[in-house]
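**Q** Whatever this is, show me its structure:
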Amino acid sequence: MNNILGLIEACELIQSNQLKPQDLLANCSMQADLKEPILKAFLERASIETLDSEIGSGALKGIPVAVKDIIATKDFPTTNGSPIYKGITPKEDAPIISKIRQLGGVIFGKTVTTEFAWRNPGPTTNPWNAEHTPGGSSSGSAAAVAAGIVPLALGSQTQGSILRPAAYCGVVGLKASFGAVPRDGAHPLSGSLDHIGFFTHSVDDAAYALQLLKNTDLSEEDSIVLPEISISPTSKMKPFVKPRIAMLTTAFDHMVSDDQAKALQSAADTLRAAGATVETLTLPGEYWDAIKEMNLIMDCEAAVIHQDHIKNSNELLSIHIQDLAQRGSKHSAIEYINARELQKRLRKSIGDYFSQYDAFLSIPASGEAPKGLSSTGDPVFCALWSLLGTPSITLPFTKSSNGMPLGIQLIGNYKEDAKLLSIAKFAEDSFAASKA
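**A** Below is the predicted model of the structure:
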């Protein structure tokens, strides 16, 4: 797990001719060969000959990127974790894949996802202990970065599918504001909630990935264009000075393990010692209650998305997708519209709290990665921020008593992604200094 080359470091070394991209790709392939028999993060990988032939020029020259298997790639099958799409290769890349290639990046392979990014787990194991889940639905992407196979992987989050596996696997996971990153070409779970995001080894790496791959126009439905983020391989993120941070209590704190609760308190103490103001904040119950409405939105939209699957290939669907679509079909249009209106209202009203605080501090999961591969864990501690579309980031912080990673989550205001990243940089530096 140590001495792993991060995204920005790899870019800097390649751009300055201190590292040949062919050597980076060969090392990544070697790491995959060594670890994949147990890790099982990939459905398919490119050969070293293909990788070398795909090296382009640009900011991501020669950087291998792992891609969650719901995102269309014209040179790999995109199965969406379902036998319905086994062996089917899209005719075109998703826009975010095209952007990676235009920047010189190389698609290293397709990573394991739960079925249609919902619940039914794949075979991927946790890099820290193969008896534990890596989380989901972006299971393979989180594991591939944590295992040091690639410096960057794409994932998606509808409830907690980036932040939670990032925490379980001990890496950085970034979910930008809703609509900030291209989503076309990714199989939807719920169009009003879906986000595409990143797994990396540092805040700088996550910020650089967002700066390079965020939307630059409004051509996609619900897209937004974030302001430029000041970062490059030679100019890293500047940490925020003395941030005001609200440590959240939640309606689900009774679920939190002792190790995770201690980690959150320790993180708050460390941030205070580094100069932050950290105060406890209890949000009104309507925010946490809204997670029920989030599930209603997801049920309804998934019922529409999967209606042909239910009609034509129901026997190939897991009970999880069947139940999801069945629930959605029972809700009324009025219920759905009311839930969407609540989503919009709460996204706006949460901004009142961000006029008092620069970021929220919370947890990404109830504790360490659960043992066993039958479940990918509970997304409830990430769900509200997916509903509201606010940016959030998981940082690795410490280990549990069992030696498994524990993370913390920072949340920012809608469209204030650069600010959140600078606060995350402050937190990352503070955590590192406290352990030095």
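**Q** Tell me how far the residue nearest the centre of the chain lies from Ala369.
**A** Per Cα atoms, centre = their mean, the C-alpha nearest to the average position across the chain is that of Ile162, at 2.5 Å. The gap separating Ile162 from Ala369 is 15 Å, by Cβ to Cβ, to the nearest Å. In this view, the C-beta of every residue, glycine as well, is placed from N, C-alpha and C.
**Q** Then Ile38?
**A** 15 Å.
**Q** ditto for Asp184
**A** Taking Cβ to Cβ, one finds Asp184 at 32 Å from Ala369.
**Q** okay, the two: which has more neighbours?
**A** Ala369 (28 against 15; other Cβ atoms under 10 Å).
**Q** contacting residues for that one?
**A** Asn126, Trp128, Asn129, His132, Thr133, Pro134, Gly135, Tyr168, Cys169, Gly377, Met404, Pro405 (Cβ atoms under 8 Å, 6 or more residues apart in numbering).
**Q** same question, Pro165
**A** Pro134, Gly135, Gly136, Ser138, Ser139, Ser141, Ala142, Ala143, Gly155, Gly173, Phe199, Thr376.
**Q** thought the fourth one was touching Gln157?
**A** What that stands for is Ser138. Yes. Between Ser138 and Gln157 there is a contact under Cβ atoms under 8 Å: 7.4 Å.
**Q** returning to that earlier point: what is the nearest of the contacts of Ala369 to Leu395?
**A** Pro405 (10.6 Å; Cβ to Cβ).
**Q** burial of the closest one, as a residue count?
**A** Residues near Pro405, counting by other Cβ under 10 Å: 27.
**Q** what separates it from Asp269, distance-wise?
**A** Applying Cβ to Cβ to Pro405 and Asp269 gives a distance of 19 Å.
**Q** Also Ile100?
**A** The value you get for Ile100 to Asp269, if Cβ to Cβ is used, is 39 Å.
**Q** Give me the more crowded residue out of the two.
**A** Neighbours per residue, other Cβ under 10 Å: of Ile100 and Asp269, the larger number sits with Ile100, 26 against 12.
**Q** Tell me the secondary structure at that one.
**A** helix (DSSP: H, G, I helix; E, B strand; the rest coil).
**Q** okay, the spatially closest residue to it that is not a sequence neighbour: pLDDT?
**A** Nearest non-adjacent residue to Ile100, counting by Cβ to Cβ, 6 or more residues apart in numbering: Val65, 5.5 Å away. Residue-level confidence at Val65 comes out at 98, pLDDT.
**Q** how about Val65, what does it touch?
**A** Taking Cβ under 8 Å, 6+ apart as the test, what Val65 contacts is Ile100, Gly105, Val106, Ile107, Phe108, Val150, Leu152, Ala153, Leu154.
**Q** need those in TSV with pLDDT and distance to Ser257, can you?
**A** Supplementary listing: these in TSV, determined by pLDDT from 0 to 100; distance: Cβ to Cβ, whole Å:
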residue	pLDDT	distance to Ser257
Ile100	98	37
Gly105	98	38
Val106	98	39
Ile107	98	37
Phe108	98	34
Val150	98	30
Leu152	98	30
Ala153	99	27
Leu154	99	29
